[in-house]
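# my questions concern the predicted model and sequence given below.
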Amino acid sequence: MDANLTKKIRSKLQAELKSLRLLLDKIEASKDEKGQGFVPPPTHGQDDEAERVVDLELGIQTKGNLKERLKKIEIALQKIDQGTYGICEACGDQIGEKRLDYFPEVSNCIECQRKMEQK
């Protein structure tokens, strides 16, 4: 892979990592009085229990998605350091540079990703 692209991707990943960590810290800091973590404000101006449960579940799901993305970014940065970045974990071929530029945390080439999603 081109050294300039690797440098660009590293910068992009580091910026995203910092942003995600700040966002997760804000979510952690916004725990409600019961310590339940991120709870978005009620929608539609209603404050009934069912809506609160839905909001809580969405908040937990969002936090989980952010943590998963954070982990993928950390792995991608490790791979850059190890010199294995851009190699598909499934088939061992190079991942396309355009794909890496758009989705720098991916670990599979587009063909292998499609196969995995079809299963």
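Thanks, I have the structure now.
# any weak-confidence spans in the chain?
Across the chain, the ranges flagged by pLDDT under 70 are 31-61.
# where's the one residue sitting closest to the centre of it, which helix or strand?
With distances taken as CA atoms, centre = their mean, R69 lies nearest the centre of the chain, 1.7 Å away. Assigned by DSSP states H and E, R69 belongs to helix 49-82.
# circling back to that earlier point, for the residue nearest to the residue nearest to the centre of the chain when sequence neighbours are not counted, list the residues it contacts.
Ranked by CB to CB, 6 or more residues apart in numbering and with sequence neighbours excluded, the top spatial neighbour of R69 is L20, at 6.3 Å. Where C-beta positions appear, they are placed from N, C-alpha and C, glycine not excepted. Contacts for L20 (CB atoms under 8 Å, 6 or more residues apart in numbering) come out as L66, R69, L70, I73.
# give me the buried entries from those residues.
Buried residues within the contacts of L20, counting neighbours by 16 or more other CB atoms under 10 Å: L66, L70, I73.
# got those residues as a markdown table, with distance to E89 columns?
Output for the buried ones among the contacts of L20, formatted as a markdown table (distance: CB to CB, whole Å):
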| residue | distance to E89 |
| --- | --- |
| L66 | 22 |
| L70 | 18 |
| I73 | 15 |
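# now stretch 85-99 - C-alpha only, CSV.
Extracted in CSV, the C-alpha atoms of stretch 85-99 (Å, rounded to 0.1, in the frame of the first residue of the first chain):
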residue,chain,number,x,y,z
TYR,A,85,-3.0,-3.3,7.4
GLY,A,86,-5.0,-3.7,4.2
ILE,A,87,-4.8,-7.4,4.1
CYS,A,88,-8.1,-9.3,4.1
GLU,A,89,-8.5,-11.5,7.1
ALA,A,90,-10.6,-14.0,5.2
CYS,A,91,-8.7,-14.6,2.0
GLY,A,92,-5.3,-12.8,2.5
ASP,A,93,-5.6,-10.6,-0.6
GLN,A,94,-5.1,-6.9,-0.5
ILE,A,95,-8.2,-4.8,0.4
GLY,A,96,-8.9,-2.2,-2.3
GLU,A,97,-7.5,1.2,-1.5
LYS,A,98,-10.8,3.0,-2.2
ARG,A,99,-12.5,0.7,0.3
